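K.L.:
here is a sequence together with a model predicted from it:
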Amino acid sequence: MQSIFETIKKIAIKIDYAIKTEDLGYSDSENSSGEEQLKLDVKSDYIIELAFNDISIVKALVSEEKEGVLELHPNGIYTICYDPLDGSSLADVNLSVGSIFGIYKGELKGENLIASAYVVYGPRIELVIATKKGKPLHYRATEGLFNFIGEITLKEKWNINAPGGTQQNWSNHHKTFIDALFGEGYRLRYSGGMVPDLHQILLKGGGIFSYPETSDKPDGKLRQLFEIIPFAFIYEQAGGQAIDSKGKRLMELVPKHPHDTSPCFFGSNYEIEALKKAYKVKT
Ligand code: P6P
């Protein structure tokens, strides 16, 4: 497994360089979710595929930018599901973006996630790695080397509210819930980039990130295998919760298709329990 994390560090340095030097324009192709691909999306995906092609324990890859499963090494053990450059459209306005990695063993479903990691490409390159052995680990790159900063622990309650989706398409009970948090003094912190938005809550100590089902996206927008489950694991390992709109743990998701989405809520215990009440979840 260590060879996978060391490879992710090499990938991070290369993608960060591409973000800072390459063309930010659109390619003439779409990804499996029908989203127009940026040249950076394609380049980042290529960097990752090339890097893991040299790691024999990696059996296959599933990418947001590819339709199916890319077989790499028949005797490999792990399948890596990744979003090579999440929020890539924010790069051309100089906001932070990120890469997300879910490392699975066996069938591609939440309970088979062994570890996850994400990289934030911002004023600094930061990496968070989570395994089943303890709290998520936070690293920061300096001149191409990742230095360990510390373990990440979420408070029981804090003050960040990151509400995703288009407000006019929220359900009434979701809008009431979000407004009630603001009424309690929560701070609006939402950039439209899942990785920096979730990273901020983890590092600042807590709060809630929500991307509910909406009238225009009844199954939510964020993808289960390479966005939601990897972060759900990290939030749970940090002492928080990660659930869907029925109160089910996101770690129990079983995608039918590699690009399936789900409504998702990540946060500290107080905020998630408040959401369960607002959504009338039977506990
Ligand atoms: P909205 C970026 O496109 C992304 O996939 C995530 O990074 C982000 O959390 C979400 O979409 C933002 O979506 O609808 O709030 O703009």
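P.N.:
Here it is on my side, so go on.

K.L.:
could you check which residue of the protein lies nearest the ligand?
P.N.:
Met194 (3.3 Å; C-beta to the nearest ligand atom). Using the backbone N, CA and C atoms, a C-beta is placed for each residue, glycine as well.

K.L.:
give me the neighbour count for that residue.
P.N.:
Using other C-beta atoms under 10 Å, Met194 has 27 other residues around it.

K.L.:
for the residue nearest to it when sequence neighbours are not counted, report the pLDDT, please.
P.N.:
Excluding its sequence neighbours, the residue lying closest to Met194 (C-beta to C-beta, 6 or more residues apart in numbering) is Asp86, at 5.4 Å. On pLDDT, Asp86 comes in at 97.

K.L.:
for Asp86, give the beta-bridge partners.
P.N.:
Asp86 has these beta-bridge partners by DSSP bridges: Gly98.

K.L.:
numbering from 33 from now on, please.
P.N.:
OK, 33 is where the count begins now, so the last one is Asp118.

K.L.:
wait, it touches Ile260, no?
P.N.:
No - between Asp118 and Ile260 there is no contact under C-beta atoms under 8 Å: 11.4 Å.

K.L.:
what ranges do the strands span in the stretch 83-232 of the chain?
P.N.:
Here the stretch 83-232 of the chain has its strands, by DSSP state E, counting those that start in this stretch, at 90-95, 101-103, 110-118, 129-136, 145-153, 157-162, 169-174, 177-183, 192-195, 219-220.

K.L.:
pLDDT on stretch 97-115, on average?
P.N.:
The average pLDDT within stretch 97-115 is 96.

K.L.:
that stretch: how far from the chain's middle?
P.N.:
18 Å (C-alpha atoms, centre = their mean, to the nearest Å).

K.L.:
surely Ile51 is in a helix?
P.N.:
Yes - Ile51 sits within a helix when classified using DSSP: H, G, I helix; E, B strand; the rest coil.

K.L.:
much appreciated, bye for now.
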